[in-house]
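*Asks:* The following block contains a protein sequence and its predicted model.
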Amino acid sequence: MTNSLECRSPFLNHKIVESVASLKSGWKINGLKKKDFLKKSQSNILPKKNIFGKKKGFDSPISIWFNNLLNKMAKIVTLYSDINDFVKKKSIEKFWEEHEGNKIDHSFRLFGLTCLSSWISTQKRNL
């Protein structure tokens, strides 16, 4: 996971982790098959489509958040902050207008601008 964030902890029980750590490597690694032992150990419990199915990503509902709960905060952070030294305010206003008008989903772009703006503010405070 070079460029992602792991937001789950599948094995919270330390006894499970310790038990698996004590297994011979041949049990844990089967050629190029990933998690083979884990999958086989759960094959009589979980549906096959869950065990052997393709991985699926998870998208957070940023678009919904930016149209509701985080709208006011994100607009203030992106429109009235130090980010305007780097990104034209007119461009950000256009993103918001198109996003709120449901013309174009700019949620990830606006999220990036919100994060960048917060980071810039933090860096200036730490100087």
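*Replies:* Yep, it's here.

*Asks:* phi, psi of the residue of the chain most remote from its centre?
*Replies:* Relative to the mean C-alpha coordinate of the chain, counting by Cα atoms, centre = their mean, the farthest residue is Lys24 (33.7 Å). The phi/psi pair for Lys24 (degrees, to the nearest 10) reads phi -70, psi 150.

*Asks:* ok, so what distance separates it from Ser43?
*Replies:* According to Cβ to Cβ, to the nearest Å, Lys24 and Ser43 sit 20 Å apart. For the C-beta atoms, the positions are set from N, CA and C on the backbone; glycine is no exception.

*Asks:* likewise Asn126?
*Replies:* The gap separating Asn126 from Ser43 is 52 Å, by Cβ to Cβ.

*Asks:* For the two, indicate the residue with more neighbours.
*Replies:* Ser43 (12 against 6; other Cβ atoms under 10 Å).

*Asks:* surely the more buried one meets Asn50?
*Replies:* No: here Ser43 lies out of contact with Asn50, judged by Cβ atoms under 8 Å, at a distance of 10.2 Å.

*Asks:* contacts for the lowest-mean-pLDDT helix or strand in the chain?
*Replies:* Across the helices and strands of the chain, mean confidence by mean pLDDT, DSSP states H and E is lowest for helix 25-28: a mean of 76. Helix 25-28 is contacted from outside by 20, 36-37, using Cβ atoms under 8 Å, 6 or more residues apart in numbering.

*Asks:* what's the following helix or strand after it?
*Replies:* Next helix or strand after helix 25-28 toward the C-terminus (DSSP states H and E): helix 36-41.
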